[in-house]
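S.K.: Okay, here's the prediction I keep looking at, along with the sequence it came from:
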Amino acid sequence: MNDIQITAFGATDYVGKSSFLLSDKDHKILLDCGIELVPKGLSKAPKGVDEIAKSLNAFFLSHAHIDHSGYVPRLAKEGYKGFYYMTHPTKDIAYTLWRDHLKIEGRRHWSERDLDVVYNKIKTTHYHKKIKIADGITAEFLNAGHVLGAAQILIDWEGTLILYTGDINDRVTPMFDGYELPEEKIDVLITESTNGDRYVPERKKIDVGLRLLAKQTAETGNKMILPSFAVGRSQEILITLALDNDLDEIPIYMDGMINKMNMITEHYLSEKWVSKRFLDQLKEAKMHSPFEKSNFIPIYEVSERTQYARKLISSSDKGCIIVTTSGMLEGGPIHTYLDLCGSNEDDVLGFSGYQVLGTTGREIFDGKKELTIQSETGKKKKIELKNQIMKFPYSGHSSVDGLKRIMKETHAQDIILIHGDKRNQEYILNYVKDIAHPRVLKEEIPTSLMSV
Ligand SMILES: [Zn+2]
């Protein structure tokens, strides 16, 4: 039996720069290659990837989020000549995020040229298609229920079955019915552990609250501003609002990169990528796309007139809902809306995602009122935030029960926890001790997978 090893280049007991190498004496496969975003600072690269890039046999990307994908073009720069495997939607979303990353950080990690090389070497695939990597080694994608195109990666390494979850969600969300379990028993499970100690309410319950408050706020002539992650959460929120006919008379503005992501999502509204339940809901509501209702208004970043449109929206007496980026309020059009509407005591600022420590979003979430933002003229400005703050506990990650379920139902004998903070992982270790004994990894130190 071959000794298969795993080396983590990031995302061991924290979230950021996910990248994991599986290797034996003859083969090297890299799973994900992300960066770690640093609030108000420059992103961090996964340490150790540069050295092994040239010797890789294959690269697989679980999904497009930048903490999994942001360093991928660097592989080309370092001499990797092989293919980049990912699902079709992941390719489209990742390419948009890569272009955006160049605008934000320039060529710190990789250049346009590297991105071009990668783009030409991407092999797109559907879920459940076996890809041969070498004699005796295959890989396939399984639905992760996380964001559009997100996949778990199932690897058959000469009879040893290894499941890398990437990011998974067990909850039913507007477009997905939760993560998929492999049909076979698994030997090694490498699982995310983001929500190890956080209770994740069912989506339906949060949706009811969001719709009611949105209606109430807009009908009394006020604004509900929902800063959201461009990939995933924005579409989920917009779909939730679109499927409520009570909101049909209320203008719903969509601002920032959300619009590009909506277009990509529309392209993949088929059973191959989203749940049948969701497609049936659309059919029943006679909608081609949830983002094309007559009260849904996209704001495109085209010219100086874009800022004028935002001013008009903000100064209007008519109530409305604004879904905009960025999700952690680090930049983007949300700053313009904070500048223009932040002093309105009756407007609502609604959080719909986890806020990382050190971000402007987290500061507001924790009660800070004095903020420095980028004003609508582009200059830094201090404001006092007077909006009502609401918190909607959405999460794109599996609840702790969902993590327990995947550990139990895959029957894995070797379970490795990644992508979660130490406290979460300690909680999980305790929570599952009757069924499993997961372990954690040390960064950059190759560790053997349990031989079976
Ligand atoms: Zn993710």
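M.R.: It's in. Numbers count the residues shown, from 1 in each chain.
S.K.: Compute the number of surrounding residues for the residue of the stretch 1-150 of the chain found nearest the ion.
M.R.: Residue nearest to the ion within the stretch 1-150 of the chain (Cβ to the ion): residue 65, separated by 3.5 Å. Every C-beta, even on glycine, is put in place using the N, C-alpha and C of the backbone. When counting by other Cβ atoms under 10 Å, one arrives at 25 neighbours for residue 65.
S.K.: so residue 408, which of the three states?
M.R.: helix (DSSP: H, G, I helix; E, B strand; the rest coil).
S.K.: what does the stretch 1-150 of the chain have sitting close to the ion?
M.R.: residue 65 (Cβ under 5 Å from the ion).
S.K.: Where does pLDDT dip in the stretch 1-150 of the chain?
M.R.: Applying pLDDT under 70 to the stretch 1-150 of the chain flags residues 1.
S.K.: for stretch 69-86, how far is the first residue from the last?
M.R.: 11 Å (Cα to Cα, to the nearest Å).
S.K.: Next, the buried residues of that stretch.
M.R.: 69-78, 80, 82, 84-86 (16 or more other Cβ atoms under 10 Å).
S.K.: again with stretch 287-306
M.R.: In stretch 287-306, counting by 16+ other Cβ under 10 Å, buried: 287, 289-291, 293, 296, 298-299.
S.K.: picking up where we left off before, the residue of the stretch 1-150 of the chain closest to the ion touches residue 34, doesn't it?
M.R.: Yes - using Cβ atoms under 8 Å, residue 65 is in contact with residue 34, at 7.4 Å.
S.K.: tell me the contacts of residue 221?
M.R.: 317-319 (Cβ atoms under 8 Å, 6 or more residues apart in numbering).
S.K.: Same list, those, but as TSV with secondary structure and distance to the ion please.
M.R.: Putting the contacts of residue 221 into TSV (DSSP: H, G, I helix; E, B strand; the rest coil; distance: Cβ to the ion, whole Å) gives the following:
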residue	secondary structure	distance to the ion
317	coil	39
318	coil	36
319	coil	33
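S.K.: Neighbour-wise, which one of those leads?
M.R.: residue 319 (21 neighbours).
S.K.: ok, residue 202 touching residue 169?
M.R.: No - counting by Cβ under 8 Å, residue 202 does not reach residue 169; the two are 12.0 Å apart.
S.K.: Can you tell me the closest non-neighbouring residue to the residue most central in space within the chain?
M.R.: For the chain, the residue nearest the mean C-alpha position is residue 65 (4.6 Å; Cα atoms, centre = their mean). Nearest non-adjacent residue to residue 65, counting by Cβ to Cβ, 6 or more residues apart in numbering: residue 231, 6.5 Å away.
S.K.: coming back round to it: tell me which two of the buried residues of stretch 287-306 sit farthest apart.
M.R.: 287 and 299 (21.0 Å; Cβ to Cβ).
S.K.: so where do the strands sit in the stretch 301-450 of the chain?
M.R.: 320-324, 348-351, 370-374, 380-384, 388-391, 414-418, 439-440, 447-448 (DSSP state E, counting those that start in this stretch).
S.K.: First residue to last residue on stretch 44-54, what's the distance there?
M.R.: 21 Å.
S.K.: Tell me how far that stretch lies from the chain's centre.
M.R.: 22 Å (Cα atoms, centre = their mean, to the nearest Å).
S.K.: what's in contact with it?
M.R.: By Cβ under 8 Å, 6+ apart, the list of residues contacting stretch 44-54 reads 7, 9-10, 16-19, 21, 28, 30, 33-36, 38, 71, 74-75, 78-80, 109, 443-444.
S.K.: Can you list which of those residues are found in helices?
M.R.: 74-75 (DSSP state H).
S.K.: Filter the contacts of stretch 44-54 down to just the buried residues.
M.R.: 7, 9-10, 16-19, 21, 28, 30, 33-36, 71, 74-75, 78, 80, 109, 443.
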